[in-house]
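A.B. asks: any chance you could fold what I've pasted below:
(chains A, B, C and D)
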There are 2 protein chains.
Amino acid sequence: MNNLMPGQRRTTIKDVAESAGVGVATVSRVLSGGSASAETRERVLAAAARLDYRPSALGRNLRQQRTGGIGLLVPDITDSFYARLTDGVLSCARSYGEPVTLGVTGDDPEREAELIGTLIEQSMDRVIAVPSGDGEMWAPALRAGLNVVFADRRVRADVPGVVADDRAGLRTALEYLVGLGHRRIAFLGRHGQSQRVAAFTETLTSLGVPADPGLVVHARASRDSAYAAAAGLLQHRPDLTAVLAGGNMLGEAAVLAARELDVRIPRDLSLVMFDDVPWAELCSPPLTVIAQPAQDVGYRAAELVLRQGRRPRTVTLPTELVVRASCAPRR
Amino acid sequence: MNNLMPGQRRTTIKDVAESAGVGVATVSRVLSGGSASAETRERVLAAAARLDYRPSALGRNLRQQRTGGIGLLVPDITDSFYARLTDGVLSCARSYGEPVTLGVTGDDPEREAELIGTLIEQSMDRVIAVPSGDGEMWAPALRAGLNVVFADRRVRADVPGVVADDRAGLRTALEYLVGLGHRRIAFLGRHGQSQRVAAFTETLTSLGVPADPGLVVHARASRDSAYAAAAGLLQHRPDLTAVLAGGNMLGEAAVLAARELDVRIPRDLSLVMFDDVPWAELCSPPLTVIAQPAQDVGYRAAELVLRQGRRPRTVTLPTELVVRASCAPRR
DNA sequence: AACCATGCTGGAATCGTTTCCATGAACAAC
DNA sequence: GTTGTTCATGGAAACGATTCCAGCATGGTT
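C.D. replies: Predicted structure coming up:
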């Protein structure tokens, strides 16, 4: 069968070997930094350059029983927080020359499981995930030898993770709100943020404010769901005076819902949002936020998963309360 | 302490064959829908399920000389437009079960070339790209048999593409601005938007407004660069009365720069922004925008690159002018 | 009974790379 | 001159799948 395809056959290591007058083993050694005589090395390099040879990752990976590259699972790439996290991962991966395969889970455990399956099929051995389901779901992946690092959330103690110190950020924000006289403070969270919710109620109690379970609401990782949750909260509980939004999409939803229902920020309602985004400053009023180092979280997670030498437990990155104009004393 | 279990070798097709008492060829046939007797099929399926067998994509790809999956190259994943585009690609790819490998070019042709190299190394045969450099750069990739689809921009006539009809959107926006009495209208664009710039000057001329080259400014794909360009424009040309921002990041930069320089929108300056984003409505004032179907662009591009049967030339998707409150008659 | 058509099956080749191992040469030490 | 030792080197065996091809049984037709 001669080359009937317009796209000609890929140049292989064999072609290089032939062209350089050496064996394939020698070519492989030269190209991967093994030992070889200066003269041979030069001949091989010249031949490789002449033929524009690029080693096939397929062959290499099959032989070495591992696919290079990193799998990255986030709930929603449209969310600025996860986009920045992704950017951090990419920027670290680039310096290692590792490709990144992206999957969105939509905070749906079923989809997450499906994506994990795909990753295993691809023989990916490194994964960074913002987990949606419970930790159990990751057992098969770990058994398969997958190298997992969690980002933003942790659902298993035996898997390293990189998270922002939202507990501290939350405490600062709540102290601020309580100091302004607020007592009925709602938490508008996303599914999978159980830890954040727990921290919320604990901190509130420790500040002398009784917890009210009706003031904690959850949404899925989509704009519509966030809006529905925010609007529902504001309609059902007109008595609340402050809202803590657990993400930028939820904050956005809260602002929108408040406008729709003619609730004035900050006169009628104070709002603090997790995650600083560029538009928070552009918003009317500019939003007080708990800034999170999303990009760093991604970068550090990538570092962790790439330098798999030692296994640190968990990296916690600081958060910062940025006060703007969306909070006022309780009337 | 490594968590590598001894003897945890991956289960291969050979194991399944042995366990089912058939040859490997038969297993392969059964699993890929070939012909086999009902009894054999059942035995193989049972064995595969029992051993939790997953075919290795590596072996398959090596044999078939192609890596499944799609490579996606965008200038900046942090930009809402490209994030939505990416979301569209992922959502289409998911229904085909194809993994997506993401790379950010930062609108840098050099980085783009580097990423193309990586994709070829991975034997990726399908790529969706928002091209940054000129069309020449894609010649080697096309020669290597890569299946390329451009999104958002087109730089080669022989490569199919999916774009938004920004020419029409631009015309509508400019008619609106000119109708409000504006004459000195600036374009704040990004590198690689030469076509958009050309459309801008042409349209302006056709509306009877002389083009002023000094009113066209370019930025790279980063927030800092966008801000620098916007601030520079406003400082150097205090005579302009309207700005058309070529992307949401540029619009954001324009709003920020205007505030910083105490230029009031829309009293002193009218602003129209390409691409509708959720915060455009939250902004003060709410921004008039040319809405672009970013997600659809991604989805359609993925469809095009996956259904490589026929090769349509170009898909153009409609845009829409959404009038809010950032434009006013010229004083 | 002889023949062919049909359909299922498994051995073996193949994809492109890395890596093990044997070979042979050069050289030093005795 | 013989024996080790150290290199560079290339042949061949993996890796895990698909697929060609030949073998074999079955059943129908002459």
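
A.B. asks: which stretches of the stretch 201-331 of chain A form helices?
C.D. replies: Taking DSSP state H, counting those that start in this stretch to define them, one finds helices in the stretch 201-331 of chain A at A:223-236, A:248-260, A:278-282, A:294-306.

A.B. asks: I'd like the average pLDDT over the shortest one.
C.D. replies: This points to helix A:278-282. The pLDDT scores in helix A:278-282 average 92.

A.B. asks: what distance separates that helix from the centre of its chain?
C.D. replies: 21 Å (CA atoms, centre = their mean, to the nearest Å).

A.B. asks: hmm, who's touching it?
C.D. replies: A:248, A:251, A:273, A:286-287, A:289, A:322, A:324, B:223, B:252, B:255-256, B:277, B:279, B:282-284 (CB atoms under 8 Å, 6 or more residues apart in numbering or on different chains). Bear in mind the C-beta positions are built from the backbone N, C-alpha and C, glycine included.

A.B. asks: can you check the longest one too?
C.D. replies: Surrounding helix A:223-236, the residues in contact under the criterion CB under 8 Å, 6+ apart are A:78, A:186, A:188, A:190, A:214-215, A:217-220, A:240, A:243, A:245, A:247, A:249-250, A:252-254, A:256-258, A:260-261, A:263, A:269, B:278.

A.B. asks: now do that helix, average pLDDT.
C.D. replies: Taken as a whole, helix A:223-236 has an average pLDDT of 94.

A.B. asks: just want the angle from it to helix A:248-260.
C.D. replies: 50 degrees (axes from the mean of the first three to the mean of the last three CA atoms, to 10 degrees).

A.B. asks: C-alpha coordinates for helix A:223-236, PDB please?
C.D. replies: C-alpha atoms of helix A:223-236 as PDB (Å, rounded to 0.1, in the frame of the first residue of the first chain):
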ATOM      1  CA  ARG A 223     -26.400  30.900  36.600                       C
ATOM      2  CA  ASP A 224     -30.100  30.000  36.600                       C
ATOM      3  CA  SER A 225     -29.800  27.900  39.700                       C
ATOM      4  CA  ALA A 226     -27.900  30.600  41.500                       C
ATOM      5  CA  TYR A 227     -30.600  33.200  40.600                       C
ATOM      6  CA  ALA A 228     -33.400  30.900  41.700                       C
ATOM      7  CA  ALA A 229     -31.800  30.300  45.000                       C
ATOM      8  CA  ALA A 230     -31.100  34.000  45.600                       C
ATOM      9  CA  ALA A 231     -34.600  35.100  44.600                       C
ATOM     10  CA  GLY A 232     -36.100  32.400  46.700                       C
ATOM     11  CA  LEU A 233     -34.100  33.400  49.700                       C
ATOM     12  CA  LEU A 234     -35.000  37.100  49.500                       C
ATOM     13  CA  GLN A 235     -38.700  36.300  49.000                       C
ATOM     14  CA  HIS A 236     -39.000  33.800  51.800                       C
END
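
A.B. asks: is chain B within reach of stretch A:26-45?
C.D. replies: No. Judged by CB under 8 Å from any CB of the partner chain, stretch A:26-45 and chain B are separated, with a smallest distance of 12.4 Å.

A.B. asks: go through that stretch and flag the buried ones.
C.D. replies: For stretch A:26-45, the neighbour count (16 or more other CB atoms under 10 Å in any protein chain shown) marks A:26-31, A:36, A:40-41, A:43-44 as buried.

A.B. asks: before we move on, what about stretch A:137-148?
C.D. replies: Here stretch A:137-148 shows A:137-138, A:141-142, A:144-148 as buried, counting by 16+ other CB under 10 Å.

A.B. asks: now swap in stretch A:47-59 and tell me
C.D. replies: Buried, per 16+ other CB under 10 Å, within stretch A:47-59: A:47-48, A:53-58.

A.B. asks: again, but for stretch A:153-164
C.D. replies: Neighbour-count burial for stretch A:153-164 [16+ other CB under 10 Å]: A:153-156, A:159-164.

A.B. asks: can you pull the contacts of the residue of the stretch 101-250 of chain A found nearest DNA strand C?
C.D. replies: Scanning the stretch 101-250 of chain A for proximity to DNA strand C using CB to the nearest atom of the strand identifies residue A:123 as nearest, at 12.7 Å. Residues near residue A:123 by CB under 8 Å, 6+ apart: A:61, A:65-67, B:56-58.

A.B. asks: for the residue lying closest to it once chain neighbours are set aside, grab phi and psi.
C.D. replies: Using CB to CB, 6 or more residues apart in numbering or on different chains and skipping residues adjacent in sequence, the residue nearest residue A:123 is residue A:67, 4.4 Å away. With angles defined as degrees, to the nearest 10, residue A:67 sits at phi -90, psi 130.

A.B. asks: residue A:67 - how many residues pack around it?
C.D. replies: Neighbour count for residue A:67, taken as other CB atoms under 10 Å in any protein chain shown: 24.

A.B. asks: could I get the pLDDT score of it?
C.D. replies: Model confidence at residue A:67, given as pLDDT, is 80.

A.B. asks: kindly report the same for the one 5 residues further on.
C.D. replies: At residue A:72 the predicted local distance difference test score is 97.

A.B. asks: what do you get for the one 4 residues further on?
C.D. replies: In the prediction, the pLDDT value recorded for residue A:76 is 95.

A.B. asks: so it, which state does it fall into?
C.D. replies: Using DSSP: H, G, I helix; E, B strand; the rest coil, the structure places residue A:76 in coil.

A.B. asks: these two touch, right, it and residue A:222?
C.D. replies: Yes. If you go by CB atoms under 8 Å, residue A:76 and residue A:222 touch, sitting 7.1 Å apart.

A.B. asks: just the buried ones from the contacts of helix A:278-282?
C.D. replies: A:248, A:251, A:273, A:286-287, A:289, A:322, A:324, B:223, B:252, B:255-256, B:277, B:279, B:282-283.

A.B. asks: out of those residues, which one sits closest to DNA strand D?
C.D. replies: Nearest member of those to DNA strand D, counting by CB to the nearest atom of the strand, is residue A:248, at 41.9 Å.

A.B. asks: top helix in chain A by residue count?
C.D. replies: When chain A is scanned for its longest helix (criterion: DSSP state H), the result is helix A:80-96.

A.B. asks: and residue A:76 and residue A:222? Which one has more around it.
C.D. replies: Legend: neighbour count by other CB under 10 Å for residue A:76 and residue A:222, higher for residue A:76 (23 against 17).

A.B. asks: need the contact list for the residue nearest to the more buried one when sequence neighbours are not counted.
C.D. replies: Nearest residue to residue A:76, sequence neighbours excluded (CB to CB, 6+ apart): residue A:221, at 4.4 Å. Applying CB under 8 Å, 6+ apart, we find residue A:221 in contact with A:75-76, A:79, A:105-107, A:190-191, A:249.
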